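Peer 1: What shape does this take:
(chains A and B)
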Amino acid sequence: MTYAVEVIGLTKTYSDVTAVDNVSFKLEADKIYGLLGSNGAGKTTIMHMLTAQQFETSGTLRVFGEHPYENNHVLPQVCFIKESQKYPDNYNVRDVLAIAAELYPNWDQSFAMSLVEAFQLPLKRNMKKLSRGMLSSVGILIGLASRAPLTIFDEPYLGLDAEKRQLFYDRLLEDYAEHPRTILLSTHLIDEVGTMLEHVLLIHRGRLLLDEETDSLRGRAFSVSGPAAVVDRFTAGRTIIDRQQLGGLVTASILNDAGAASGQSEAESLGLTVAPVSLQQLTVYYTRLHNRDASSNKGAEQ
Amino acid sequence: MNRTSTVVRLHLRKKLIWLLVPAAVILSSFIINVLIGAFAPIENDIYTGGVSSIFIYMMVLGIVTFAQTFPFSIGMGIRRLDYYRGTFVAGLLSGLVYALFLFLMSAAENWTDSWGVKLHFFVLPFWSDGPIINRLWIPFLLLLNMFAVGFLIGTFYRRFNKTGLLISAIAIVLLGTVASFMIGVYGSWTNIFQWLHDQTMAGLALWTLPFTLLFAVISSVLLRRCT
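Peer 2: Next up, the predicted model:
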């Protein structure tokens, strides 16, 4: 089977920093992936390398089975929408859409025009004079209407209000249902898109921390709360990703190892309150856990 | 589906900066000179270097076009090679249009007997020597050369940033200084001036060709690693 994306040992180093450190993952066709991680984690660098806009230092990179660099088999099939996309100063919205229509073979003009209306974009307005939110809307519009087999969104909604963001999610899901494709979405608003993501990749400091189906990830994580003694008895031997104490009451978030029994019913039988952990909380906890590990390792080395 | 031609259209969509601005620049200079010729109490013929503006503009066009459209093009999944070809085709086409414009205006200058006001704007001594067809291909080669210089500066800046551009500018100045010093030491200046004196405009224009090609090759190599 050919994967939409196949990356092995991908590394990007600048003179003194390693932005992406030995990352390996595969993206299957026609699935929605979330690329999560804090600022500067390396998400954008990975996305740039997938589209040959930046060059990897080492590692293998395959997009639809081929390397994307200067490759006209691959590049027209990939649409990368990023927050920092530059447009020619003298271009208006119509110019940008006309060029996009020429470049993406699956472009749907009537869908594009319906999005122009939905996002209330002024076709004749110069790109330089668009508000931040409108600029984001143009990117989203191209990303959707291009129907590229691999569509990458990197924080596509800067300056976009909640209503327009919802519009983006709705249109994305509607169109995805009719025209399945691989979508890689990088975002900080994890809870907003949490239900949409089928698979999660978590990047932290250039390394891949998690590469897992969202459902199984959710199944592994839950929080228990109750009296400190009971909670501590229950959590002994389990991976605690977060623990908060308020008087004698403790809330602990647990992340089971993959394949381990969840233990939720056991917790309930002990009289503990069990609650799900949201994807956003989970990534925050997981990232912090990793930070702690990194700093304690550093302490041990010293 | 030809993505090089998309790049050409991407550039030429904006006819303002490709055609109207240079035409406006040169025509405004021309009209002012005609007015001076018509109303100023000057006995002698007027010779001006007004046409040079279009050559400078061509270089600026090379620089600005690259800075404006390359980040957009690469972000839209255009190959560097397609961008390179398309941009040079756009430069070639506009160079041809400008050259044709200069050619027609020089013919008009002859027919109207220097616009009736003794103004030599498009027909100049040395510059317009030789058969009339020279007035078409000489400007074309020079325009192309200017565009290639501009494009080279654009790619160089993109590839090596401010520091790289500054260092190479300093290097060029230093090399030039050393070279002129060495030429002085070996007493070759007279030979060089003699050689230049012997050249026709056609000969000089042909000499730009290898340099234009060299600039084009260097910028294509630089562009392949531009991000």
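Peer 1: Look up the closest residue to A:Thr60, ignoring the ones flanking it.
Peer 2: A:Ile8 (4.5 Å; CB to CB, 6 or more residues apart in numbering or on different chains). C-betas here are computed from N, CA, C, even on glycine.
Peer 1: From the chain's centroid, how far away is the helix or strand containing that neighbour?
Peer 2: A:Ile8 is part of strand A:5-13, with elements assigned from DSSP states H and E. Its chain's C-alpha centre and that of strand A:5-13 lie 17 Å apart, by CA atoms, centre = their mean, to the nearest Å.
Peer 1: quick one: the strands in chain A?
Peer 2: A:5-13, A:18-27, A:32-36, A:58-63, A:78-82, A:150-154, A:182-186, A:199-204, A:207-213, A:221-227, A:240-246, A:249-255, A:273-276 (DSSP state E).
Peer 1: for chain B, same thing?
Peer 2: Going by DSSP E, chain B shows strands at B:46-47, B:119-120.
Peer 1: Among the ones you listed, which comes closest to chain A?
Peer 2: Of all these, the one in closest proximity to chain A, counting by CB to the nearest CB, is strand B:119-120 (33.6 Å).
Peer 1: Run through the neighbouring helices and strands of that closest one.
Peer 2: helix B:21-39, strand B:46-47 (3 or more CB pairs under 8 Å, 6 or more residues apart in numbering or on different chains; DSSP states H and E).
Peer 1: Can you list the neighbours in contact with stretch B:195-213?
Peer 2: The contact list for stretch B:195-213 (CB atoms under 8 Å, 6 or more residues apart in numbering or on different chains) reads B:126-130, B:134, B:137-138, B:141-142, B:144-145, B:148.
Peer 1: now that stretch: mean pLDDT?
Peer 2: Stretch B:195-213 shows an average pLDDT of 91 in the prediction.
Peer 1: Reformat the strands of chain A as JSON lines; add mean pLDDT and mean neighbour count.
Peer 2: Shown next, in JSON lines, are these (pLDDT from 0 to 100; neighbours: other CB atoms under 10 Å in any protein chain shown):
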{"stretch": "strand A:5-13", "mean pLDDT": "95", "mean neighbour count": "18"}
{"stretch": "strand A:18-27", "mean pLDDT": "94", "mean neighbour count": "18"}
{"stretch": "strand A:32-36", "mean pLDDT": "95", "mean neighbour count": "24"}
{"stretch": "strand A:58-63", "mean pLDDT": "95", "mean neighbour count": "17"}
{"stretch": "strand A:78-82", "mean pLDDT": "96", "mean neighbour count": "25"}
{"stretch": "strand A:150-154", "mean pLDDT": "96", "mean neighbour count": "24"}
{"stretch": "strand A:182-186", "mean pLDDT": "96", "mean neighbour count": "24"}
{"stretch": "strand A:199-204", "mean pLDDT": "94", "mean neighbour count": "23"}
{"stretch": "strand A:207-213", "mean pLDDT": "92", "mean neighbour count": "17"}
{"stretch": "strand A:221-227", "mean pLDDT": "89", "mean neighbour count": "21"}
{"stretch": "strand A:240-246", "mean pLDDT": "86", "mean neighbour count": "15"}
{"stretch": "strand A:249-255", "mean pLDDT": "88", "mean neighbour count": "20"}
{"stretch": "strand A:273-276", "mean pLDDT": "88", "mean neighbour count": "14"}
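Peer 1: hmm, back to that, between the contacts of stretch B:195-213, which sits nearest B:Thr87?
Peer 2: B:Ala148 (10.7 Å; CB to CB).
Peer 1: Pretty sure A:Asn106 sits against A:Ser146.
Peer 2: Yes. Taking CB atoms under 8 Å as the definition, A:Asn106 is a contact partner of A:Ser146 at 6.6 Å.
Peer 1: Now the buried members of the contacts of stretch B:195-213.
Peer 2: B:127-128, B:134, B:138, B:141-142, B:144-145, B:148 (16 or more other CB atoms under 10 Å in any protein chain shown).
Peer 1: What are the neighbouring residues in contact with the residue in the stretch 101-250 of chain A positioned nearest to chain B?
Peer 2: Residue of the stretch 101-250 of chain A nearest chain B, by CB to the nearest CB: A:Glu102 (4.6 Å). By CB under 8 Å, 6+ apart, the contact set of A:Glu102 is B:6, B:9.
Peer 1: Could you do the one 10 residues further on as well?
Peer 2: Contact analysis of A:Ala112 by CB under 8 Å, 6+ apart lists A:97, A:101, A:141, A:145.
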